[in-house]
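*Asks:* for reference, the sequence and a predicted model appear below.
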Amino acid sequence: MANPLITAHKLPPFHQIKAQHVIEAIQKITSESIEGINRLVESLDQPDETNFLRPLEHIQDRLSQSWSPVSHLANVADTPELREAYQQALGMISEYGTKMGQHQGLYQCYQKLDLTRLSQEQNKAVENALLSFKLSGIALDEKGRDEFARIQMELSQLGNRFQENVLDATQGWSKSMSSVDDLIGLPDTALSMLKQAAESKNQQGWLVTLDGPSYLAVMTYAENRELRKEVATAFVSRASDLGPNAGQWDNAPVIEKIMALRSQKAQLLGYENYAELSLAQKMAETPEQVLSFLNQLADRSVPQAKAEFSALTDYAKQELGLHTLEPWDIAWASEKLKEHMFSVSQEMIRPYLPADKSILGLFEVCKRLFNVGFQQNHQVKVYHPDVQYFDVLSDGKVIAGFYFDLYARIGKRGGAWMDDCRVRRLDAKGEIQIPVAYLNCNFSAPSADKPSLLTHNELTTLFHEFGHGLHHMLTQIDVADVSGINGVSWDAVELPSQFMENYCWQPEALDFISGHVETGEPIPKALLDKLITAKNFQSAMLSVRQLEFALFDFELHCQSAPQTIAQIRDILGSVRKRVTVVPLIPENRFENGFSHIFGGGYAAGYYSYKWAEVLSADAFSLFEENGVFDQKTGQAFFDNILSKGGSQDAMELFKAFRGREPKIDALLKHTGIQ
Ligand code: ZN
């Protein structure tokens, strides 16, 4: 039997891929890729597009086509066998990446390219490649290069260990509830979700877990204060030395090692600290610039956040009989206050947002803005019955595709994210290979008698991830390294996603995005108005929370010396002193579960969320000026942002669209911060 991860396929043959295929395939393809590249660069006196860049891209794409379904399945269909194979293969991928990054022959070929004979896209790709060579330690002496390779390998494994600890700690705690009386306040959707969770483990009653939807439902709605306290404590102490599973999956030693290795890596490459290294490839230029940007936003937001929290405290005292507002009361009391002020809750919105209807609405928004269509393609094999595959159409032609994996299930990691499956490029025959994306959310799955109904937050998440998807899928660039989301600076990558979120707030859009599950009636005007007013409820509190994460991340990575866990916590403590306005649970070990910066790629880059919010709010304000479905503006956004991918500087593209540099005002206005 041929290994399905080795043979070429237009799309991954998910129905054939098994855990036992992984090691063989990744081993074979990484070693053949290395051989292929060695042969390619050996004989080249004058590398150019035809004899170097294109063949190199084919080799690289083959590996990414094999690896993409493996890393995707590890995220959405985790099994012990797959996890083990994935871990091992990850080591090979990382080793391959390091080898390529330190390939002298390859580096020399890039340096020898005659840039005047390359297109603008190729020039940008080459410029990026040369910088990333530098960051790969190519200029180091042999000892330095070995050291660098070891650090990279360890960092990759530690990042994965961090994530596994968080996943295990999340799944390692649950509470079985035998009486529904202990779950008073929870909406029906949440109760049936908890019942399903119990059934899936052959248990009676209801099972409260730390998975996103379960955790949020309890924190927001459970009248049972003790339960909220217990769940909150278990959640914020995940993977740490505190809380109910203290010490079992403690990430503190992992964090210390990661930070020490990052410092070493930065200094090896000639940077003062990891923050400087991180900025080398970003739109922002210096650590001072980022810190000043974050501090400015904090200065504008903290006073209003304090006022919001004090209003919540007063309300809790007067109306809810809570003399002290404990950390586990905040979400619950906030929901009550919000209902009281706006008499609108996320649960009231659900019946108006059946998932199927919302998805059609999302497609309609894209059609109006960018003139593209979507059609489910049943021929394509998927990896789970919940998953759907869609073709993206433009002028009747298929220009892209995506896997829609929307519902929570066992073995799928939490949260929502977009990943690429295929990138747009020219294949070996010179034909366009269309881009394909994985779009993943964790909504409550439909049951036999009930469709999936979304909260407004979930709708926003859907639009957000789809924005990333559009950036990847609507690209018109044929050079893989700068096509779609490839080569886009980290701090600009959230522009299309956060831009798309705006449509979840537009009456004109909600008219067709929403439709009551029984009557088909869109969200009534009065409810919509309340929803819009409620949007900025506690917006400053939310903003300072993001600023807390961003400042902690950035200040931590500005340190030049290795930090002990105690010092790391001091940094977080000092940031909190400046920007945090809510009380914390003593067992709070937020940092131990901060996957973005320790398990993912956001190290010294969490600020990019806020940075991109400024860009996206400012971009959308042009639509507010011209009409939210104005075709010309939509076309301009497509032409200057979505279609261009990473082929030009993010700032240049933004200015081409907006006619000027970004301004902070639109964001402050949109979030109601004075
Ligand atoms: Zn995003």
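*Replies:* Perfect, I can see it now. Residues are numbered from 1 along each chain as shown.
*Asks:* quick check, L207 in a helix?
*Replies:* No. Judged by DSSP: H, G, I helix; E, B strand; the rest coil, L207 forms no part of a helix; its state is strand.
*Asks:* least trustworthy helix or strand in the chain by mean pLDDT?
*Replies:* Least confident helix or strand of the chain, by mean pLDDT, DSSP states H and E, is helix 525-535 with a mean of 81.
*Asks:* for the very next helix or strand once past it, name the packing helices and strands.
*Replies:* Once the chain leaves helix 525-535, the next helix or strand it forms, by DSSP states H and E, is helix 539-557. When contacts are defined as 3 or more C-beta pairs under 8 Å, 6 or more residues apart in numbering; DSSP states H and E, helix 539-557 sits against helix 274-279, helix 287-319, helix 565-579, helix 595-598, helix 608-626. Placement of C-beta: from N, CA and C, glycine included.
*Asks:* please identify the deepest-packed of the ones you listed.
*Replies:* Highest mean neighbour count among these (mean count of other C-beta atoms under 10 Å): helix 274-279, with a mean of 24.
*Asks:* so for the ion, which of the helices and strands packed on helix 539-557 sits nearest?
*Replies:* Each of the helices and strands packed on helix 539-557 has some distance to the ion by C-beta to the ion; the shortest is helix 608-626, at 7.8 Å.
*Asks:* and the closest one, what does it pack against?
*Replies:* Partner elements for helix 608-626 (3+ C-beta pairs under 8 Å, 6+ apart): helix 287-319, helix 495-501, helix 539-557, helix 631-637, helix 650-658, helix 665-670.
*Asks:* which elements pack onto the fifth one?
*Replies:* Judged by 3+ C-beta pairs under 8 Å, 6+ apart, helix 650-658 is in contact with helix 608-626.
*Asks:* let's go with 10 Å and repeat that
*Replies:* Here helix 650-658 touches helix 495-501, helix 608-626, helix 631-637, going by 3 or more C-beta pairs under 10 Å, 6 or more residues apart in numbering; DSSP states H and E.
*Asks:* just the CA atoms of the longest one, as PDB, please.
*Replies:* Only the C-alpha atoms of helix 608-626 are listed here, as PDB (Å, rounded to 0.1, in the frame of the first residue of the first chain):
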ATOM      1  CA  SER A 608       0.100  42.900  17.200                       C
ATOM      2  CA  TYR A 609      -3.600  42.300  18.100                       C
ATOM      3  CA  LYS A 610      -3.900  45.900  19.300                       C
ATOM      4  CA  TRP A 611      -1.700  47.100  16.500                       C
ATOM      5  CA  ALA A 612      -3.900  45.400  13.900                       C
ATOM      6  CA  GLU A 613      -7.100  46.700  15.700                       C
ATOM      7  CA  VAL A 614      -5.900  50.200  14.900                       C
ATOM      8  CA  LEU A 615      -5.300  49.200  11.300                       C
ATOM      9  CA  SER A 616      -8.600  47.400  10.900                       C
ATOM     10  CA  ALA A 617     -10.800  50.000  12.600                       C
ATOM     11  CA  ASP A 618      -9.100  52.700  10.500                       C
ATOM     12  CA  ALA A 619      -9.600  50.600   7.300                       C
ATOM     13  CA  PHE A 620     -13.300  50.100   8.100                       C
ATOM     14  CA  SER A 621     -13.800  53.800   8.700                       C
ATOM     15  CA  LEU A 622     -13.400  54.300   5.000                       C
ATOM     16  CA  PHE A 623     -16.300  52.000   4.400                       C
ATOM     17  CA  GLU A 624     -18.300  54.000   7.000                       C
ATOM     18  CA  GLU A 625     -17.600  57.000   5.000                       C
ATOM     19  CA  ASN A 626     -18.500  55.500   1.600                       C
END
